[in-house]
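*Asks:* Structure here, sequence nowhere to be found:
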């Protein structure tokens, strides 16, 4: 796995998570999840914001930096695997013409280069998306 | 991908006279033994995990039915996006790492935090084995 904890330590990333009512980029029903607006700062990223959603059992005390970063890395990897928007819609489980898909697509496209710059500049390991 | 033929035949389809069934542990065992992608195993994955509900155990009928729409069965064991789609349909996130003939994957349920890790010789097999293993864990709890 891409070691998110190692990346956090290597870059000296500072992390904040504020619980919010919803994840605006999550088109699926998610009322049984908790949502956080997370911010990572340090190294090659400054004020890198993203939303994270998880169940209470998975994240009872709120997310930490490594957990949050591991999820956003996975999201970007899955996004990059998509051959186009239709693949992305299938990935997130919506129809092609669902307007919420474009919102999620744009957010993934915004996050991808930020996450990749973080991975590529990892000072202590050969970086790359898993 | 939804498979109408499977939805008609499972989970209440009659078992074959031989009583031959496959469970998720069998599927994981098959996956971690794969050395090359297998369309046969892809059909079993589709029958057990491809629908909205996982089927912890199936007979041969759903697998045969899935072959009627063989072109619609994703190439799960070939690696790539099919496994990620399969994971997300179950509410899981998947991380995969490796190269050559050594691949490791971890599936994590974002609601419960339960995880399952699997290793295999090919990327797609490791990924799907982690998903199937996590589905098996959840089926027993």
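*Replies:* Sure thing, it's come through. What you see is a predicted model, and the numbers here were worked out from it, not measured in a lab. Numbers count the residues shown, from 1 in each chain, chains lettered A, B, ... in the order given.
*Asks:* which residues in chain B form helices?
*Replies:* In chain B, helices defined by DSSP state H lie at B:4-9, B:24-33, B:39-49, B:60-68, B:81-89, B:123-139, listed in chain order.
*Asks:* How about the residues of chain A by chain B?
*Replies:* For chain A, the contact set with chain B under Cβ under 8 Å from any Cβ of the partner chain comprises A:1-2, A:32-33, A:53-55, A:57-59, A:70-71, A:73-75, A:77-78, A:81-83, A:87, A:90-93, A:130. Bear in mind the C-beta positions are built from the backbone N, C-alpha and C, glycine included.
*Asks:* Just the ones of those residues in helices?
*Replies:* Those of these lying in helices (DSSP H): A:70-71, A:73-75, A:77-78, A:81, A:87, A:90-92.
*Asks:* Let me know the closest of those to residue B:44.
*Replies:* residue A:90 (20.7 Å; Cβ to Cβ).
*Asks:* okay, now the closest one: neighbour count?
*Replies:* 20 (other Cβ atoms under 10 Å in any protein chain shown).
*Asks:* Likewise for residue B:45?
*Replies:* Neighbours of residue B:45 (other Cβ under 10 Å): 28.
*Asks:* Contact partners for it?
*Replies:* B:27, B:76-77, B:86, B:128, B:132 (Cβ atoms under 8 Å, 6 or more residues apart in numbering or on different chains).
*Asks:* List only buried entries from the residues you listed.
*Replies:* For the contacts of residue B:45, a neighbour count by 16 or more other Cβ atoms under 10 Å in any protein chain shown gives the buried set as B:27, B:76-77, B:86, B:128, B:132.
*Asks:* So, low pLDDT: which residues of chain B?
*Replies:* Along chain B, segments meeting pLDDT under 70 span B:1-19.
*Asks:* Can you tell me the centre-most residue of it?
*Replies:* Centroid-nearest residue in chain B, with Cα atoms, centre = their mean: residue B:45, separated by 3.4 Å.
*Asks:* What lies in contact with stretch B:67-77?
*Replies:* B:1, B:3, B:5, B:31, B:34, B:37-39, B:41-43, B:45-46, B:50, B:66, B:82-83, B:85-86, B:122, B:124-125, B:127-128.
*Asks:* and what of stretch B:129-141?
*Replies:* B:23-25, B:27-28, B:31-32, B:45, B:48-49, B:54, B:56, B:83, B:86-87, B:90, B:92, B:94, B:105-109, B:112, B:114-118, B:120.
*Asks:* From the residues you listed, keep the buried residues only.
*Replies:* For the contacts of stretch B:129-141, buried by 16+ other Cβ under 10 Å: B:23-24, B:27-28, B:31-32, B:45, B:48-49, B:54, B:56, B:83, B:86-87, B:90, B:92, B:94, B:105-109, B:112, B:114-118, B:120.
*Asks:* re the thing from before, hey, which of the helices of chain B is tucked in deepest?
*Replies:* Highest mean neighbour count of the helices of chain B: helix B:123-139, a mean of 25 (counted as mean count of other Cβ atoms under 10 Å in any protein chain shown).
*Asks:* which one among the buried ones among the contacts of residue B:45 gets closest to residue A:48?
*Replies:* Closest approach to residue A:48 among the buried ones among the contacts of residue B:45 (Cβ to Cβ): residue B:86, at 28.9 Å.
*Asks:* For the residue most central in space within chain A, which residues are in contact?
*Replies:* In chain A, the centroid-proximal residue (Cα atoms, centre = their mean) is residue A:72; its distance is 2.1 Å. Taking Cβ under 8 Å, 6+ apart, we find residue A:72 in contact with A:50, A:52, A:111, A:115.
*Asks:* Surely residue B:127 touches residue B:94?
*Replies:* Yes. Applying Cβ atoms under 8 Å, one finds residue B:127 in contact with residue B:94, separated by 5.9 Å.
*Asks:* Need the residues touching each of those two.
*Replies:* The overlap between the contact sets of residue B:127 and residue B:94 (Cβ under 8 Å, 6+ apart) consists of B:83-84, B:87, B:105, B:107.
*Asks:* Of those, which are in range of chain A?
*Replies:* Within the shared contacts of residue B:127 and residue B:94, those near chain A by Cβ under 8 Å from any Cβ are residue B:84.
*Asks:* now the helix-or-strand element of chain A with minimal mean pLDDT: how far from the chain's centre is it?
*Replies:* When the helices and strands of chain A are scored by mean pLDDT, DSSP states H and E, helix A:4-11 comes last with a mean of 89. In terms of Cα atoms, centre = their mean, to the nearest Å, the centre of helix A:4-11 is found 15 Å from the chain centre.
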